[in-house]
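Undergrad: Could you look at this predicted model? Sequence included:
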Amino acid sequence: MGRAGRRPRSGPCRSHAKGDGAARGDGRALRSGSAEADAMSGDGDDFADLFGDKARPLGHGPARVDKRTKPTVRGKRTSEAAGPKFRWPDPEDPGCAAAEGVSDRQLFALRRGDPEPEERIDLHGTRKDAAGPLLAKRIRSAQAQGLRCLIVIHGRGQHSPLGEAVLKDSIPGWLTKGATGHAVLAFAPAPDRMGGNGATLVLLRA
């Protein structure tokens with residue numbers, strides 16, 4: 001191939017069209033940058049002359065942060081606050097649930113009233129904001145006495161202003177969260193002879 005047909009070589013190390021002029025310009029820029037760097041590394045007066053009185057020299061960068069995990073009890077506290085895991089055999093019946101390890105046979109027996117409740121907790125007519133703490137207190141007391149089964153009277157909400165079963169609907173949340181959740185094994189609506197849907201039987205841990 002003749003010289004006319006040869007293509008100019010290209011590559012990362014090849015100079016561009018401006019050649020020496022660009023190099024001289026780069027040299028001036030480097031010298032200017034070097035002067036600025038010298039000023040920055042000098043005393044405070046040189047720095048102020050270059051960047052103004054309000055500017056301050058940069059420090060040596062932020063201190064290193066130790067990201068290693070440190071022992072904490074926060075996770076344990078969060079777990080305790082959440083309570084143990086419960087399962088609901090019938091998703092449409094939130095008032096009947098059992099903690100892990102409780103068989104369906106035990107839960108069905110509880111729904112029939114077996115074992116018989118040893119103590120009665122009457123929340124009927126109590127305001128919601130007072131009923132939750134009262135229930136938790138009574139359950140702690142019953143467990144400390146070694147009781148195994150309680151009956152909680154909460155009503156059906158027939159006499160509430162809006163006809164809503166406020167206490168009844170709150171029972172599952174109260175029985176499965178926090179310290180109360182750790183004390184409860186299972187709960188279910190009471191049989192008709194004990195109040196039906198207006199009451200809940202609660203099986204406690206030993």
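TA: Great, that's in hand. Given the structure is predicted, the values throughout are model-derived calculations rather than measurements.
Undergrad: Distance-wise, check A190 relative to G198.
TA: 8 Å (C-beta to C-beta, to the nearest Å). In short, each C-beta sits where N, CA and C put it, glycine included.
Undergrad: One more: L123?
TA: For L123, the distance to G198 equals 11 Å [C-beta to C-beta].
Undergrad: L147 too?
TA: Here L147 is placed at a distance of 21 Å from G198 (C-beta to C-beta).
Undergrad: Settle it for me: which of these two has more neighbours?
TA: It is G198, of L147 and G198, that has more neighbours when counted by other C-beta atoms under 10 Å, with 19 against 15.
Undergrad: pretty sure that one is touching H154, no?
TA: Yes: in this structure, G198 is within contact of H154 by C-beta atoms under 8 Å, at 6.8 Å.
Undergrad: Please enumerate the shared neighbours of these two.
TA: Common contacts of G198 and H154, defined by C-beta atoms under 8 Å, 6 or more residues apart in numbering, comprise H124, K168.
Undergrad: quick one: the helices in the chain?
TA: Secondary structure of the chain by DSSP state H: the helices cover 20-41, 44-51, 74-82, 104-111, 128-144, 166-176, 178-183.
Undergrad: Packing partners of the shortest one?
TA: This points to helix 178-183. The contact analysis (3 or more C-beta pairs under 8 Å, 6 or more residues apart in numbering; DSSP states H and E) places helix 178-183 against helix 74-82, helix 128-144.
Undergrad: list the buried ones in the last one?
TA: Read that as helix 128-144. Within helix 128-144, the residues scored as buried using 16 or more other C-beta atoms under 10 Å are A131, G132, L135, A136, R138, I139, A142, Q143.
Undergrad: Among these, find me the one that's closest to E118.
TA: Using C-beta to C-beta, A142 is the member of these that lies nearest E118, at 7.7 Å.
Undergrad: Please look at the closest one and L150 and confirm they touch.
TA: Yes: between A142 and L150 there is a contact under C-beta under 8 Å: 5.7 Å.
Undergrad: which neighbours do the two share?
TA: E118, E119, L204.
Undergrad: ok, of these, which come out buried?
TA: When the shared contacts of A142 and L150 are checked against 16+ other C-beta under 10 Å, the ones flagged as buried are E119, L204.
Undergrad: Make a markdown table out of the shared contacts of A142 and L150 and add distance to G101 and pLDDT.
TA: What follows is those, written out as a markdown table (distance: C-beta to C-beta, whole Å; pLDDT from 0 to 100):
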| residue | distance to G101 | pLDDT |
| --- | --- | --- |
| E118 | 22 | 98 |
| E119 | 23 | 98 |
| L204 | 14 | 98 |
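Undergrad: Many thanks, I have nothing further to ask.
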